[in-house]
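Asks: Sequence and predicted structure are below.
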Amino acid sequence: MKEWTTLLDGIKQLQLRTIPEPSGIELKDDEVLVKISRVALNHRDAKIINGDFGGSYKAPSNRIVPASDASGTIVRVGGAAAAAKWRKNDRVLSLMRPTHLTGPATTEAQAAGIGIPQPGVLTKYRVFQSSGLVAIPDYMSFEDASTLPTAATTAWMALNWDRGIGSPRRGKDTVVLILGTGGVAIAGLQQAKSLGLTVIITSSSDAKLERARQLGADYTINYKTITDWATEALRITAGKGADIIFETGGPATMAQSIQCVAAGGNICAIGVLSGVTDDVQQGQANGLNLIRKNAAIKGINVGPRDRMEEMIREVYQPQQLHAVIDRVFAFDEAREALQYLYSGSHFGKVIIQVE
Ligand SMILES: NC(=O)c1ccc[n+]([C@@H]2O[C@H](COP(=O)([O-])OP(=O)(O)OC[C@H]3O[C@@H](n4cnc5c(N)ncnc54)[C@H](OP(=O)(O)O)[C@@H]3O)[C@@H](O)[C@H]2O)c1
């Protein structure tokens, strides 16, 4: 069978390799073998494969299978430990960090991340620990399910990290400002509207903003034509600002996020799409503005299994929510799929069909 591998040396250097059929794979007591159906790509995957995912990951000496988010079917169950949770033919989705089951992501849980440092999911079959999987609701397709592990769970945590499990925020009085229209952003828009929250979303594209309005966005801002989008967000909210901000931009957007966060609001630091800087003066100005706002910057680091299950229970299952999928690529088009994602042309998620 075939699987994609990388040396973290660029999308063009991704290679398909042939490996033995899964019949020879031996399973431990608490392991299951999953036949992968769909893989959803994340910005993280493209960055990792390009070798520019910050300083924490070094290029592996051996080729590694990339990507973290998969849905599929259990084809074999190891021993009694795995059988206590799963049966053959169960439909499952992966966790980005299989040992992150509850609470904040510990160093150990982060070290067990799929796609790096652990082998990823862009392959036909993969062994998982039985605890590192979540059941796919009956109504949901493999395509929809593959979008949940990273993008949707991160969005859920940004909306609800400070709420107890089972009591997500609800109601239009909470204003959420979402930057961009990628995977995390659009999952956040869908979830926020399912909870009845008010959403302001920004994009570089009017066409994408029109699609966001069709999904229920209450207000839209083109951040290319309205570069002072924080002032616009303050105008929209009659000076109050946003209670929750999906901060996917990083240094180039943080000052404006602090400018337009509501008093006591949460800026959820999710990504650094605009790059990383060490501007001390800007940092001091941001610090002072944060104090004045009595606001918090909270680092969001995907989310644990119990919060992903909560998200499925609270919004996906009751509303039979479907993911917003921009394009589905064939298994042998992985390079094209990653290049497409990296180009930023997409709206929502980019998927690879494995089976
Ligand atoms: N902390 C975590 O747990 C976590 C989890 C998932 C992702 N992330 C990070 O979150 C970010 C988004 O991830 P993703 O997978 O959703 O990415 P994605 O699907 O590739 O989305 C990228 C989109 O972000 C928008 N964007 C790009 N530069 C921007 C800027 N300077 N200001 C505002 N928006 C900008 C663009 O939207 P428009 O085309 O509409 O302008 C672009 O299409 C990445 O940095 C990723 O690494 C973090």
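Replies: Thanks, I have it.
Asks: Now residue 113: closest residue in space that isn't a chain neighbour?
Replies: residue 97 (5.1 Å; C-beta to C-beta, 6 or more residues apart in numbering). Yep, even glycine has a C-beta here, placed from its N, CA and C like the rest.
Asks: Surely that neighbour is in a helix?
Replies: No. Counting by DSSP: H, G, I helix; E, B strand; the rest coil, residue 97 is located in no helix; its state is coil.
Asks: Could you list the low-confidence segments of the stretch 51-200 of the chain?
Replies: 54-60 (pLDDT under 70).
Asks: how about the residues of it that lie near the ligand?
Replies: With C-beta under 6 Å from any ligand atom as the criterion, the stretch 51-200 of the chain meets the ligand at residues 150, 151, 154, 179, 180, 181, 182, 183, 184, 185.
Asks: Just those: which are in helices?
Replies: Cross-referencing those against helices under DSSP state H gives 154, 183, 184, 185.
Asks: Which one of the residues you listed sits in the busiest neighbourhood?
Replies: Tallying neighbours with other C-beta atoms under 10 Å puts residue 183 at the head of these, with 30 neighbours.
Asks: Excluding chain neighbours, what is closest to that residue?
Replies: In space, residue 183 is closest to residue 151, 3.5 Å off (C-beta to C-beta, 6+ apart).
Asks: residues near that neighbour, how many?
Replies: Neighbour tally, residue 151, other C-beta under 10 Å: 28.
Asks: I'd say it and residue 180 touch.
Replies: No. Look at residue 151 against residue 180 with C-beta atoms under 8 Å: they stay out of range, at 11.8 Å.
Asks: end-to-end on stretch 235-245?
Replies: 16 Å (C-alpha to C-alpha, to the nearest Å).
Asks: Pull out the buried positions in it.
Replies: 236, 237, 241, 242, 243, 244, 245 (16 or more other C-beta atoms under 10 Å).
Asks: Any chance of CSV for those, columns pLDDT?
Replies: Output for those, formatted as CSV (pLDDT from 0 to 100):
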residue, pLDDT
236, 98
237, 98
241, 98
242, 98
243, 98
244, 98
245, 98
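Asks: Go through those residues and say which is closest to the ligand.
Replies: Checking the buried residues of stretch 235-245 against the ligand by C-beta to the nearest ligand atom gives residue 245 as the nearest, at 11.2 Å.
Asks: quick one, what contacts residue 217?
Replies: Residues near residue 217 by C-beta atoms under 8 Å, 6 or more residues apart in numbering: 189, 193, 199, 200, 201, 209.
Asks: Which of those residues fall within helices?
Replies: Members of these lying in helices (criterion: DSSP H): 189, 193, 209.
Asks: residues contacting the second one?
Replies: What that stands for is residue 193. 199, 215, 216, 217.
Asks: Tell me the spacing between it and residue 44.
Replies: Noted for residue 193: a distance of 25 Å to residue 44, by C-beta to C-beta, to the nearest Å.
Asks: repeat for the last one
Replies: Relative to residue 44, residue 209 is positioned 25 Å away (criterion: C-beta to C-beta).
Asks: Buried subset of the contacts of residue 193 as a ChimeraX selection?
Replies: A single ChimeraX command selects the buried members of these (16+ other C-beta under 10 Å):
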select :199,215,217
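Asks: just the contacts of residue 193 now: which is nearest the ligand?
Replies: Once C-beta to the nearest ligand atom is applied, the member of the contacts of residue 193 that ends up nearest the ligand is residue 217, at 11.6 Å.
Asks: Grab the nearest non-local neighbour of residue 29.
Replies: Using C-beta to C-beta, 6+ apart, the closest residue to residue 29 is residue 79 (3.4 Å).
Asks: Verify the stated contact: that neighbour with residue 28.
Replies: Yes. With contact defined as C-beta under 8 Å, residue 79 reaches residue 28; the gap is 7.2 Å.
Asks: how about the strands in the stretch 151-300 of the chain?
Replies: Secondary structure of the stretch 151-300 of the chain (DSSP state E, counting those that start in this stretch): strands located at 175-179, 198-203, 219-222, 242-247, 261-269, 296-299.
Asks: The stretch 1-150 of the chain too?
Replies: Here the stretch 1-150 of the chain has its strands, by DSSP E, counting those that start in this stretch, at 2-5, 15-18, 31-41, 69-77, 91-94, 125-129, 133-135.
Asks: Just the buried residues of stretch 258-273, please?
Replies: By neighbour count on 16+ other C-beta under 10 Å, the buried set for stretch 258-273 is 258-262, 265-273.
Asks: for stretch 137-156, that is, sorry about that
Replies: Result for stretch 137-156 [16+ other C-beta under 10 Å]: buried residues 137, 140, 142-156.
Asks: can you pull the contacts of the residue nearest to residue 29?
Replies: Going by C-beta under 8 Å, 6+ apart, residue 79 touches 27, 28, 29, 30.
Asks: gap between it and the ligand?
Replies: Distance, residue 79 to the ligand, by C-beta to the nearest ligand atom, to the nearest Å: 33 Å.
Asks: what do you get for residue 233?
Replies: 13 Å.
Asks: swap in residue 37?
Replies: 20 Å.
Asks: for the residue of the chain found nearest the ligand, what are its contacts?
Replies: Across the chain, no residue is closer to the ligand than residue 182, which sits at 1.7 Å (C-beta to the nearest ligand atom). Applying C-beta under 8 Å, 6+ apart to residue 182 gives the contacts 43, 151, 248, 344, 346, 348.
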